[in-house]
Each structure stands twice: as structure tokens, then as C-alpha cells.
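# Using only what follows, build the 3D model:
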Amino acid sequence: MLLLFILTGFYLGYSQSEEKAITLETVSGKIEGSLLIPPTPENPPVVLIIAGSGPTDRDGNNPIMKNNSLKMLAEGLAEKGIASLRYDKRGIGESKVAGLEESQLRFEHYVDDAKAWVALLAGEPKFSKIIVLGHSEGSLIGMITSQNKDVAKYISVAGVADPAAKTLKEQLKAQPPFVLELSNPILDQLEMGKQVDSVPPTLYSLFRPSVQPYMISWFQYDPKTELAKLQIPILIVQGTTDIQVDVANANALSKANQKAKLEIIEGMNHILKPAPADRTANIATYGMPELPLIDGLLERIASFIK
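Sure thing, here's the model as predicted:
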């Protein structure tokens, strides 16, 4: 997977940190990232930040809404003497050329990309240790990636505890009853590794044939099982006003491994910002790039890392 990496650096004035553009050459094309290095210490720890699902870029943004949450996370860690590497997922942002045809994409492609970044960081003697941080769907990718001797610690932020198929079934309960009735047999088949040829028109966007191979590959992983495999310190972070992932998920993850430490942050939503429980007001923050991260988040993460 990892064929070549290229570093080009430039300096940022806000904290004298150095941000380097990194290119990871893969078989299907280039994946672009940003390595942010603080001026001190000389050998800082480095965090690999893995973004969540959908067309999310290295800064935590998507084409519809910009929130800059992961960019703020990286910059906040740099202020505390912690380096970070974040990247655009294959097919997204500056990594668009590395995208595969939807029918060819598998969950393992994202895992392999994260593993390749860890290998890159492990080959750089400047860093004292490597920490993997996964946000949302990136949490599961991070758990699997952290089953690696080069990873010292793992952080899950807003991660789901159940296999994706079970989570989808729960989410579909909010839809009209017929949607769940039609979806459950399809999900059951996909869980068994079987593609479904006949998909009702009303569900085609969710279960179109071209996306089914990805779903099959994704459904085979149970986050609790993957987390239980880790023999390193673990931090589970969850906000109380996250309308996408509730606190029960964090509680379940923390019980899956005795090495896990649980941090519940009052008033934090899915994009790590302060937000009310009201759905409309909460979602409004997804388009507020100037809104800072919630107080206390960076301090808790930095304390765990150091």
C-alpha cells in the first residue's frame, strides 16, 4: 500500500508550529495529508487523526457544511506540544484521485490507508510515540489500525459500539414502519455476506448494488470485539448532546476493554462543539467553522496522550 511519501513544509504564524503537506502514494493514487509539528518539545508525540464517515476531509468538513473541528483539534494539540497528522480520505478533497469505483471500495481500504500512515510515522525518529485517534466511523478504523506494535495509545471520539448493520437497524426505526420491514431482510443478507439483487425503489439509494460490497465488508466488524483486542491505554470520549451517537455507545465501548478510560463531556455534540440538545440548534453548529471546540476536550485528550 505504501509506495512513497513526500513532505513539503511551510510555517504557520499562529503558534510557530510547522505544517507539512504529506503525500501518500498508493496503488490507486495519491492521498494527501497535513502534518502539524509544534516548536517544542524536540521529540513530540504524534496523533494520527482519522475522520468519520461520508465525504469528510482532513479538517472535519464536507462539501455541504464546514465546521473545522479536526483542524481545530490538530491546532489545539500543537499548542500543547503534540504533533498530529490528518488526511483527506481516498476519494475526498485533495485525495480524490485515489478514489475507487464505488463497487470496488471496501472498508479495508480505509484501514489499510490508516495503517500506511502509521508506518510512515513509525519511520520518522522525530516522534516519541504514535497515538491513533478515530472520530465517528474513524473510531472503528482506528481500533483496527491500533492493533499494531507501533501504536502506543488509542483514542475513540464519538465512536459507535455496535456493528454497523445493527446500528443501521436502530436508525431506521425512526423511519415509517414499512422502511424497517423492507430493510431488515436486506441487512440480514448483507450481514451474511450475500448481495441482494432486488432492492425496492424506495430503498435504492441506501442499498444500491454498487455500495453493497462495501457494506458487506464493513458489517463484519464489531467495535467492541476490535477494542477488546488492544493491549494499550485507551481513551473513550463522548459528548452528551451528540445527536448521532449517544452516551450508551461510549459506556459499552469502555466496558469492552479494562484498559479503557471513559470521558463524558457535558454539552459536546458530534463535531466536538458546544451545542444544546435541541436538534435544529445542534445541527446549526455543523455550519459554524468559527465556533471553537468545547472547553475541556483538548485538555483531556492532551493529558491522556502525555
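# What's the first helix or strand after the lowest-mean-pLDDT helix or strand in the chain?
Sorting the helices and strands of the chain by mean pLDDT, DSSP states H and E puts strand 4-11 at the bottom, at a mean of 45. Going down the chain from strand 4-11, the next helix or strand is strand 18-26, by DSSP states H and E.
# and that following strand, average pLDDT?
Averaging pLDDT along strand 18-26 yields 93.
# Which neighbours in the sheet does it have, and how are they oriented?
strand 4-11 (antiparallel), strand 29-37 (antiparallel) (DSSP bridges).
# Could I get the full set of strands for the protein?
4-11, 18-26, 29-37, 46-50, 83-87, 130-135, 151-157, 234-239, 260-265 (DSSP state E).
# In JSON lines: these, plus distance to Asn62 and mean neighbour count.
Placement of C-beta: from N, CA and C, glycine included. Converted to JSON lines, the strands of the chain look like this (distance: least, Cβ to Cβ, whole Å; neighbours: other Cβ atoms under 10 Å):
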{"stretch": "strand 4-11", "distance to Asn62": "25", "mean neighbour count": "11"}
{"stretch": "strand 18-26", "distance to Asn62": "21", "mean neighbour count": "18"}
{"stretch": "strand 29-37", "distance to Asn62": "16", "mean neighbour count": "21"}
{"stretch": "strand 46-50", "distance to Asn62": "15", "mean neighbour count": "28"}
{"stretch": "strand 83-87", "distance to Asn62": "15", "mean neighbour count": "26"}
{"stretch": "strand 130-135", "distance to Asn62": "13", "mean neighbour count": "27"}
{"stretch": "strand 151-157", "distance to Asn62": "17", "mean neighbour count": "25"}
{"stretch": "strand 234-239", "distance to Asn62": "19", "mean neighbour count": "25"}
{"stretch": "strand 260-265", "distance to Asn62": "23", "mean neighbour count": "17"}
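# Make TSV from the ones you listed and add distance to Leu70 to it.
Formatted as TSV, the strands of the chain follow (distance: least, Cβ to Cβ, whole Å):
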stretch	distance to Leu70
strand 4-11	19
strand 18-26	14
strand 29-37	10
strand 46-50	6
strand 83-87	6
strand 130-135	7
strand 151-157	10
strand 234-239	14
strand 260-265	16
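# Out of those, which gets nearest to Ala122?
Between Ala122 and these, the tightest spacing by Cβ to Cβ is seen for strand 130-135, at 6.4 Å.
# now the angle between strand 234-239 and that closest one, please.
Angle of strand 130-135 versus strand 234-239, following axes from the mean of the first three to the mean of the last three Cα atoms, to 10 degrees, is 30 degrees.
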